[in-house]
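**Student:** Next comes the sequence, and after it the predicted model I'd like to discuss.
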Amino acid sequence: MFTLKLRQLADFFVKAGKKISLLIQKVPLKRVVASFLALSRKEKVILGVSLCLLLGGTIFAVRRFYLANTVLLPKAGGIYTEGVIGIPEYINPLLPDTSQADTILESLIFSSLFRVDGSGNLQNDLAESLEEIDNGQVYLVSLRENLTWHDNQPLTAQDVLFTTNLIKNPELQHPLGQFFENIEVEAISSRTLKFTLAKPYLFFPHYLTFKIIPKHLWDSIPVTNFIFSSLNLKPIGSGPYQLRKVIGQPDAPEQYRLTGFSNYYLDGPYLSAIIIRFFDGEQQALNALRKKEINGLGNLPLNEIDNLVRQANYRLINPATPEYFGIFFNEQLEMLQDLQFKQALEATIDKTAIVNQIFNSQAEAIDSPLWNESESEAKLNPALAKELLGKLGWRDSDEDGILDKKISRSDKISTPLEISLTTLDTPENVRLSELIQLNLQEVGIRLIVKNLDLNEFNSRLRSGSFQLLLLGESTSTGKNQDFYPFLHSEQNSPAGMNFSHYRNIELDKILNKLRQEEATDLAQAYSEISRILKQDLPAIFLYRPKRYFAVSDYLLLPEMKFIQSDGERLSRINEWHILTQRVWK
């Protein structure tokens, strides 16, 4: 169609040119000049305007034709510099990340079977296709043709099988190890893998976003020696960018320079190079951002958001996230099984103050863990809290400001209303705990805050040695959240992550249906989940953090509405570009 239009336009100009040429030959130039000079001033103006309009119309028509029949596409070129806090230690997706540097570099260098698209959905990455058979109990994954590693060795199904077997290896203690433990993985050809599940699972493809490592390089290294391998600092992957140069000392690098992988299997990469600059702290990175020494910075500190908003040369990206924080009740304890008591605590906690004072409005107050549910409707109501506690028999009999009561008839003295809150020792959690402590004190509840280090905190989680638990959770199945690991009664700790030991048979059925594709109306299912959680109150859901990333305003990148982790903002880095060009359709 386009070729036909182009030929018609060319024929038109050829014919028009021939007619104008014949006219010029027939009419002498002197006669044209004499005729023009004979015109009055008014006639000359009219003629000039007419010629200008004719010329302008011709230019407009040609431009309109050009724009209608061309498309604006990315053009290769340009360098992007990203600032990160910390230095890389293990650029290995199977080892725990020790800093932002590990996470960012793994996102650039390694590939997955599938990747996120920035809207909570999946795109094919190394995988060419996914076939679901046996009612979702078996998945066949076919790889793209001619895949290679950065060292030009072929990437095959054996590499994927090798990686999944490592994930299953208990010596590695991978976060997905328990999930893949009962999944049988087979390489049935060099390009095809078969995943056989114990039972159908709707969200399974979202667990195929783990990064693949090359078997030919890691097969000879015992798992116990993985952390000692030089490949952790000079990685070989199959992603859009490959490591070219390290600037600085091996144990204190200043920069990693990456260039586009010429055998990459998707469009791009378009940026000629990506430079990762390492900083000791946030302030150094922010100073470099202000001075335009770097083009981007992830996970911005909340107190700097307003300053960066006022800078016209940067664009802030604020995707939604499934992460949520709340106070979870240990329902193994009789007092924390009482709905009125839990409702009293919720009415006491000032979620608006948490958002404004602790997070500088860079968070959202919530009533449920659903990422797309509207902001919290729960209102601060100390009067209601005192009324509910009074119904439960709590009084301030000694007028010391703390409620008390005799727990049993045989008690001679009253027991003060005292409860403990266990949390991980971070600056934000400390400030948040102090605010909650003040909230509860206003209605006569003494809160004992236990800020623990990571090892002790994890130990308390698994053993159930807590009363209230301040914790953040995040589902890993995109915008359709799978709450089974956190809310199903079969997932009680220590094996699962239902730390509240919460049990609701109706909710269990809904969660099972969601996993087995029996829920035809997902929106209705999530609405029911939200209703049940607000009804039973296994936790007081407090807030959802807002994540901000800054990039130079001239950088062009795909839309980013939803991510599950900081590294996911780079999942489509091969499409990022600075230059553009128009190409005929």
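**Tutor:** Sure, I can see it.
**Student:** can we go C-alpha only for contacts and neighbour counts from here?
**Tutor:** Noted.
**Student:** What is the helix or strand harbouring Asn165 packed up against?
**Tutor:** Asn165 belongs to helix 157-168 when assigned by DSSP states H and E. With contacts taken as 3 or more Cα pairs under 8 Å, 6 or more residues apart in numbering; DSSP states H and E, helix 157-168 sits against helix 177-180, strand 184-187, strand 192-196, helix 215-218.
**Student:** which parts of the third one are buried?
**Tutor:** So that's strand 192-196. By neighbour count on 16 or more other Cα atoms under 10 Å, the buried set for strand 192-196 is Thr192, Leu193, Lys194, Phe195, Thr196.
**Student:** avg pLDDT for the helix or strand hosting Arg277?
**Tutor:** Assessed by DSSP H and E, Arg277 sits inside strand 273-279. Average pLDDT, strand 273-279: 96.
**Student:** Distance from the chain centre to that strand, please.
**Tutor:** 21 Å (Cα atoms, centre = their mean, to the nearest Å).
**Student:** next helix or strand past it?
**Tutor:** Strand 273-279 is succeeded, C-terminally, by helix 282-290 (DSSP H and E).
**Student:** Check the offset of that next one from the chain's centre.
**Tutor:** Distance, centroid of helix 282-290 to centroid of chain: 23 Å (Cα atoms, centre = their mean).
**Student:** quick one: strands adjacent to the helix or strand that comes right after that helix?
**Tutor:** The element immediately downstream of helix 282-290 (helix or strand, assigned by DSSP H and E) is strand 296-297. Using DSSP bridges, strand 296-297 pairs in its sheet with strand 79-85 (parallel), strand 549-552 (antiparallel).
**Student:** what does strand 296-297 contact?
**Tutor:** Tyr80, Thr81, Glu82, Gly83, Val84, Ala285, Leu286, Leu289, Phe549, Ala550, Val551, Ser552 (Cα atoms under 8 Å, 6 or more residues apart in numbering).
**Student:** Okay, strands next: where are they in the stretch 251-400 of the chain?
**Tutor:** Read by DSSP state E, counting those that start in this stretch, the stretch 251-400 of the chain holds these strands, from start to end of the chain: 252-260, 273-279, 296-297, 314-317, 324-329, 363-365.
**Student:** again, but for the stretch 401-550 of the chain
**Tutor:** Under DSSP E, counting those that start in this stretch, the stretch 401-550 of the chain gives strands at 404-405, 415-416, 418-424, 446-452, 468-473, 539-545, 549-552.
**Student:** what does the last one rub up against?
**Tutor:** Contact with strand 549-552 is made by Asn295, Gly296, Leu297, Gly298, Asn299, Leu300, Asn313, Tyr314, Arg315, Leu316, Ile317, Asn318, as judged by Cα under 8 Å, 6+ apart.
**Student:** so where's this protein shaky on pLDDT?
**Tutor:** 1-39, 44, 66-67, 306, 309-312, 517-520 (pLDDT under 70).
**Student:** quick check, distance from stretch 80-91 to the centre of its chain.
**Tutor:** Counting by Cα atoms, centre = their mean, stretch 80-91 comes out at 18 Å from the chain centroid.
**Student:** Look at that stretch and report the distance between its end residues.
**Tutor:** 20 Å (Cα to Cα, to the nearest Å).
**Student:** same check, this time on stretch 172-192
**Tutor:** When the end residues of stretch 172-192 are compared by Cα to Cα, they are separated by 25 Å.
**Student:** Identify each buried residue in stretch 455-471, please.
**Tutor:** Buried-residue list, stretch 455-471, by 16+ other Cα under 10 Å: Phe457, Arg460, Leu461, Gly464, Phe466, Gln467, Leu468, Leu469, Leu470, Leu471.
**Student:** CA atoms only for it - export them in CSV, please.
**Tutor:** The C-alpha coordinates for stretch 455-471 follow below in CSV (Å, rounded to 0.1, in the frame of the first residue of the first chain):
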residue,chain,number,x,y,z
ASN,A,455,19.0,-13.4,63.0
GLU,A,456,17.0,-13.0,66.2
PHE,A,457,14.1,-11.6,64.3
ASN,A,458,13.9,-14.6,62.0
SER,A,459,14.2,-16.9,64.9
ARG,A,460,11.2,-15.3,66.6
LEU,A,461,9.3,-15.5,63.4
ARG,A,462,9.7,-19.2,63.0
SER,A,463,9.2,-20.1,66.6
GLY,A,464,6.2,-17.8,67.1
SER,A,465,7.8,-16.1,70.1
PHE,A,466,6.0,-12.8,69.8
GLN,A,467,2.7,-11.1,70.5
LEU,A,468,2.5,-8.4,67.9
LEU,A,469,4.7,-8.4,64.9
LEU,A,470,5.6,-5.4,62.7
LEU,A,471,6.4,-6.9,59.3
